[in-house]
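>>> what's the 3D shape of this:
(chains A and B)
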Protein chains: 2
Amino acid sequence: MEFWFSELHTPNFTIKVKVKRTLEVRKTPYQELAVLETLDFGRMLVLDGIIQTTEADEFIYHEMITHVPMFSHPSPETVLVIGAGDGGVVREVLRHPSVRKVDHVEIDEAVTEAARRWLPTISAALDDPRVTQHFTDGVEWVRRAARTRGGVYDVILVDSTDPLGPAVGLFGPVFYGNCRKALRPGGVLTVQSESPWFTRRAMLRSFHGIRRAFPLARLYTAHVPTYSTFTWSFTIGTDGVDPLTAAVPDPLPFETRYYTPALHRAAFVLPAFVERLVAAPEPDDLKAELDAEVASEKGV
Amino acid sequence: MEFWFSELHTPNFTIKVKVKRTLEVRKTPYQELAVLETLDFGRMLVLDGIIQTTEADEFIYHEMITHVPMFSHPSPETVLVIGAGDGGVVREVLRHPSVRKVDHVEIDEAVTEAARRWLPTISAALDDPRVTQHFTDGVEWVRRAARTRGGVYDVILVDSTDPLGPAVGLFGPVFYGNCRKALRPGGVLTVQSESPWFTRRAMLRSFHGIRRAFPLARLYTAHVPTYSTFTWSFTIGTDGVDPLTAAVPDPLPFETRYYTPALHRAAFVLPAFVERLVAAPEPDDLKAELDAEVASEKGV
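Now for the predicted structure:
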């Protein structure tokens, strides 16, 4: 018998991964979770039918969402990680010796439980004494942190699922505005911002939301085999610090498999059509949607 | 009824594209050819079960295999295009105003016939008076051209199928050696050199073959949704001209959708693990294979 996991990028385009065995499948209070043992990618974490991470290629996503912002800050000490229940982002954050405290906010404890059980190479760093785990809503966490005068964090990293289900609030302009307030001066926000090919609208929502909230917003990309078949995007927001002129140590203080000092800059060089997408003004319907969200928050 | 086309990247990893209708399916003397009308990617050319090009994303591959080498040469006049039966590479070559003559060598006339019938936006440039089409073996064509003292071409572009079936000779060190001899001083060779993730061995075969034949060999990448789900590689070989220091006109003399002057350089910045792969010495088994091919040619 052959067992294949299928993920639809669109209703008309699918990737299929052959599965050796099912390690865990359960409904959590927030989503459907599965951990599958695959032939080509090792163990694979799936949430609501979407591949989140695999043992074989997780290093690409985790290095790129983490090291680009972390090396864009001269000395990040206090870091907030939202989502990323598998622990991969926290693992990469802790490789930076300046880090003293990591708040890890994941809404769904079941994701972390599954990662601890089945994905130890990804989740192990969660036991580091610098890490405090909070199983709660990231949107609310940031709303509270935003009230602290002068900010709390040097770096905020948002490793969310797609903007459906539990993660939808993490793609909104109100959330990004609160991230700005929760950052100290010189602070850096980075979020996964979807695919420039298959989920262009979600990418622009993230990018424009961050551009509204931060003086400087830039998109960069990395290529993850088990994500979309096009390149994946990340958006970085800062109060003026430009990641392109960051003093990235070369050689790096630790070994990487994807990120390099040269790639830190090259990842911001976008294909022409993607550059045009993010350089264009907000599309009218997106503008109306973002305006409405900001207005409704102000009314609360 | 739903009709899906499946392509296996490995026996355990597949992409599937939903098909509206089949425009043409035939066996040619060299391979099985299909042109399918898809929902997400427009019309799609398939050879021996492998997606070659689609209307939606062909611009990425065709711009990147063409403009990087063409702008690495100060004024390319005479160009040899091998494979690329659909005409996409020739179309991009002809956008460079210095070009006076293009030899287009495709082994399988049926591919060009199908492209003329079903993919006019890709194939139309084949009627340009600067183009001469030769339906013959590219390996033999280059072997003859290599005998011309001083070389014949400023740029040679090899847009082959994968190194199986009719294209296998286009991945060999003897072929690359003859390309070198067929180039004029300052000439540039570029080939598609497979995926650094799924077909790593084929990539290294191409890269090391070119490195044996040329004083300078460099790998660069681009991301094509309907190719491998990781980035795709190209290898450029020159007699010393470095594509990284080429004087790429900025702004470009024509509009592009993927290639930009900044991307010309950024595309050469490789992920750490790919950089290590190409920086390492030839693996022993590959070395033995390449040595044997060179020796058998010398014996002929």
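>>> if I pick the closest residue to A:A182 other than its chain neighbours, what's in contact with it?
Among residues not flanking A:A182 along the chain, A:A145 sits closest, at 3.8 Å (C-beta to C-beta, 6 or more residues apart in numbering or on different chains). Yep, even glycine has a C-beta here, placed from its N, CA and C like the rest. Residues in contact with A:A145 (C-beta atoms under 8 Å, 6 or more residues apart in numbering or on different chains) are A:L80, A:G151, A:V152, A:Y153, A:N178, A:K181, A:A182.
>>> quick check: phi and psi on A:A145?
Main-chain torsions, A:A145, degrees, to the nearest 10: phi -60, psi -30.
>>> neighbours around the closest residue to A:E58 other than its chain neighbours, how many?
Nearest in space to A:E58, with sequence neighbours left out and distances taken as C-beta to C-beta, 6+ apart, is A:G88 at 5.4 Å. Using other C-beta atoms under 10 Å in any protein chain shown, A:G88 is surrounded by 28 other residues.
>>> and what of A:F41?
Counted by other C-beta under 10 Å, the residues lying close to A:F41 total 21.
>>> what helix or strand is the nearest residue to A:P196 once chain neighbours are set aside on?
Counting by C-beta to C-beta, 6+ apart, A:P196 lies nearest to A:V274, which is 4.6 Å off, once chain neighbours are set aside. Per DSSP states H and E: A:V274 is located in helix A:272-279.
>>> quick one: the residue nearest to A:P196 and A:F230 touch, right?
No - taking contacts as C-beta atoms under 8 Å, A:V274 lies outside contact range of A:F230: 9.5 Å.
>>> okay, these two: which has more neighbours?
Shown here are A:V274 and A:F230; by other C-beta under 10 Å, A:F230 has more neighbours (24 against 21).
>>> which stretches in the stretch 151-300 of chain A count as strands?
In the stretch 151-300 of chain A, the segments counted as strands under DSSP state E, counting those that start in this stretch are A:153-159, A:183-192, A:216-222, A:232-238.
>>> and the angle for the third one with strand A:232-238?
Translated: strand A:216-222. 150 degrees (axes from the mean of the first three to the mean of the last three C-alpha atoms, to 10 degrees).
>>> what's the answer for the longest one, then?
For strand A:183-192 against strand A:232-238, the angle between stretch directions is 170 degrees (the same axes, to 10 degrees).
>>> scan chain A for its longest strand.
Ordering each strand of chain A by length in residues (DSSP state E) puts strand A:13-27 first.
>>> just want the residue of the stretch 51-200 of chain A that's nearest chain B.
A:W197 (5.5 Å; C-beta to the nearest C-beta).
>>> ok, that residue - contacts?
A:W197 sits in contact with A:S228, A:T229, A:F230, A:T231, B:P225, where contact means C-beta under 8 Å, 6+ apart.
>>> list the contacts of A:K287.
By C-beta under 8 Å, 6+ apart, A:K287 lies in contact with A:H208, A:P281.
>>> so how far is A:E106 from it?
In this view, A:K287 and A:E106 are 32 Å apart by C-beta to C-beta, to the nearest Å.
>>> report the buried residues of the worst-scoring helix or strand of chain A on mean pLDDT.
Here the helix or strand of chain A ranked lowest by mean pLDDT, DSSP states H and E is helix A:284-299, holding a mean of 89. For helix A:284-299, the buried set under the neighbour-count rule, 16 or more other C-beta atoms under 10 Å in any protein chain shown, comprises A:E289, A:L290, A:E293, A:V294.
>>> tell me which element A:A34 falls in.
Secondary structure from DSSP H and E places A:A34 in strand A:32-38.
>>> mean confidence for that strand?
Across strand A:32-38, the average pLDDT comes to 97.
>>> cool, and stretch A:228-240?
Averaging pLDDT along stretch A:228-240 gives 92.
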